[in-house]
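Visitor: Structural data only, the sequence is not supplied:
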């Protein structure tokens, strides 16, 4: 199936709480995940919450990566959204899981902007 | 079911291509969507692509909103991720659909960080 983008939603558990609560580490891991997957980083925005938790997003040429951490639960919600064929979102996801020292995770992939043929001239539309 | 967050993935079609290609409009709509849903805006990062398209994210205290637009297809991929009970992600989603002047959209809601009871003392863990 032809689509404009692919998005992974990852539920990451049993993480190192110290890593999840350190905004510098979380930002560095997310940016490195983007780079290791071959993405081009455009914008970075992270925020540290009180008393704990980090939220942040890396906007890439190929879409974005997002993270929200709950150190008190050892849990992180991670999204990796990529478009085009040059970047594999699973490369970024697996790197993040490893760097968060997760005990386990579940993840699902969703296609975004699915293209279909609309007429005999093979024009494409997004459904 | 008790969860830390709710995430809407919206596929928005038949949008006004001029709006989708105007970074100022897209950013304003996404920020207003967050505010109208009662969220607190923390960080904003948007990028305009050449020749067309806008990507951007609004980090809120309650998680984030993200958008990627393909003006050539009249299509936008929108995520609204909220945690807590004070913000309804559908309020933001519906506002965005209206402001993009969309002809139609599909959307799904996913629970993030589902909590379960782990022992007789009713401690909660994230599954």
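Guide: Looks like it arrived, so ask away. Treat the numbers as computed from the prediction; the structure is a model and nothing was measured.

Visitor: Need the pLDDT of the spatially most central residue of chain A.
Guide: Central residue of chain A (Cα atoms, centre = their mean): residue A:80, 2.2 Å from the mean position. For residue A:80, the pLDDT comes out at 98.

Visitor: Is it bridged to anything, and to what?
Guide: residue A:8, residue A:65 (DSSP bridges).

Visitor: So it sits against residue A:95, correct?
Guide: No - with contact defined as Cβ atoms under 8 Å, residue A:80 does not count as touching residue A:95 (9.9 Å). C-beta here means a position set from N, CA and C on the backbone, and glycine is covered the same way.

Visitor: okay, and the common contacts of these two?
Guide: A:33, A:37 (Cβ atoms under 8 Å, 6 or more residues apart in numbering or on different chains).

Visitor: Quickly note the distance from residue A:99 to residue A:36.
Guide: Distance, residue A:99 to residue A:36, using Cβ to Cβ, to the nearest Å: 10 Å.

Visitor: With neighbour numbers in mind, choose between those two.
Guide: Neighbour count, other Cβ atoms under 10 Å in any protein chain shown: between residue A:99 and residue A:36, residue A:99 has more, with 18 against 13.

Visitor: average pLDDT across stretch A:61-76?
Guide: For stretch A:61-76, the per-residue pLDDT averages 97.

Visitor: before we move on, back to that, what touches both of residue A:99 and residue A:36?
Guide: With contacts defined as Cβ under 8 Å, 6+ apart, no residue is adjacent to both residue A:99 and residue A:36.

Visitor: who's in contact with the biggest strand by length in chain A?
Guide: As assigned by DSSP state E, the longest strand anywhere in chain A is strand A:104-117. Applying Cβ under 8 Å, 6+ apart, the set of residues contacting strand A:104-117 from outside is A:1-14, A:81, A:83, A:89-90, A:93, A:97, A:123-127, B:9, B:11, B:68, B:70, B:73, B:75, B:77.

Visitor: Quick one, which of the residues you listed are buried?
Guide: A:4-14, A:81, A:83, A:89-90, A:93, A:97, A:126, B:9, B:11, B:68, B:70, B:73, B:75, B:77 (16 or more other Cβ atoms under 10 Å in any protein chain shown).

Visitor: Residue ranges in chain A under the pLDDT threshold?
Guide: Across chain A, the ranges flagged by pLDDT under 70 are A:1, A:117-125, A:127.

Visitor: mind listing the helices for chain A?
Guide: Secondary structure of chain A (DSSP state H): helices at A:17-20, A:23-36, A:89-99.

Visitor: Nearest to residue B:59, out of these?
Guide: Of all these, it is helix A:23-36 that lies closest to residue B:59, at 12.0 Å by Cβ to Cβ.

Visitor: and that closest one with chain B, contact?
Guide: No - contact of helix A:23-36 with chain B (Cβ under 8 Å from any Cβ of the partner chain) is absent, the minimum separation being 11.5 Å.

Visitor: what distance separates that helix from the centre of its chain?
Guide: 11 Å (Cα atoms, centre = their mean, to the nearest Å).

Visitor: can you list contacts of that helix?
Guide: Helix A:23-36 is contacted from outside by A:19-20, A:41, A:44, A:46-48, A:54, A:56, A:58, A:60, A:65, A:67, A:69, A:80, A:91-93, A:95-96, A:99-100, using Cβ under 8 Å, 6+ apart.
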